[in-house]
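[1] okay, here's the prediction I keep looking at, along with the sequence it came from:
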Amino acid sequence: MGKGEFLFLLQGLKWTVVLAIVSFLCGTITGLAIALLRTSGYPAVERTTAGYIALFQGTPLLMQLFVVYYALAL
């Protein structure tokens with residue numbers, strides 16, 4: 001393996017780590033917001049949040065990924 005190939009792999013590793021950190025932070029913030037809304041004390045907000053949670057828990061992850069991928073392409 002040449003030096004150029006190794007640098008290419010290192011660049012890919014850098015972007016993988018950056019995207020993983022960004023995903024972790026966004027997921028943490030979103031999850032915390034949903035949890036706080038779910039326990040807000042407002043019945044309408046709690047029902048809406050419960051429906052959102054049930055929707056995502058009730059559908060397979062692969063189907064969610066396909067919907068997001070192809071919906072963004074449109």
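    Now that the structure is in, tell me what you want to look at.

[2] which residues does stretch 49-69 contact?
    If you take Cβ atoms under 8 Å, 6 or more residues apart in numbering as the criterion, stretch 49-69 is touched by 34, 37-38, 40. C-betas here are computed from N, CA, C, even on glycine.

[3] apply 7 Å and report the result again.
    Identification of contacts with stretch 49-69 by Cβ atoms under 7 Å, 6 or more residues apart in numbering yields 34, 37-38.

[4] just the buried ones out of the residues you listed, please.
    Leu37 (16 or more other Cβ atoms under 10 Å).

[5] need the contacts of stretch 49-69 in a markdown table with distance to Leu72 and pLDDT, can you?
    Formatted as a markdown table, the contacts of stretch 49-69 follow (distance: Cβ to Cβ, whole Å; pLDDT from 0 to 100):
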| residue | distance to Leu72 | pLDDT |
| --- | --- | --- |
| Ile34 | 21 | 97 |
| Leu37 | 25 | 96 |
| Arg38 | 27 | 96 |
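
[6] which of the contacts of stretch 49-69 sits closest to Phe8?
    Using Cβ to Cβ, Ile34 is the member of the contacts of stretch 49-69 that sits closest to Phe8, with 38.5 Å.

[7] quick one: classify the closest one as helix, strand or coil.
    Following DSSP: H, G, I helix; E, B strand; the rest coil, the label given to Ile34 is helix.

[8] secondary structure element holding the spatially most central residue of the chain?
    The residue lying closest to the centre of the chain (Cα atoms, centre = their mean) is Gly27, at 5.4 Å. Gly27 is part of helix 3-38, with elements assigned from DSSP states H and E.

[9] before we move on, the earlier item: can you list the contacts of stretch 49-69 in TSV and add distance to Ala44?
    Formatted as TSV, the contacts of stretch 49-69 follow (distance: Cβ to Cβ, whole Å):
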residue	distance to Ala44
Ile34	15
Leu37	11
Arg38	12
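
[10] which among the contacts of stretch 49-69 gets closest to Thr48?
    Distances from Thr48 to the contacts of stretch 49-69, taken by Cβ to Cβ, are shortest for Leu37, at 8.0 Å.

[11] my guess is the closest one meets Val45, correct?
    Yes. Contact criterion Cβ atoms under 7 Å: Leu37 and Val45 qualify, at 5.5 Å.
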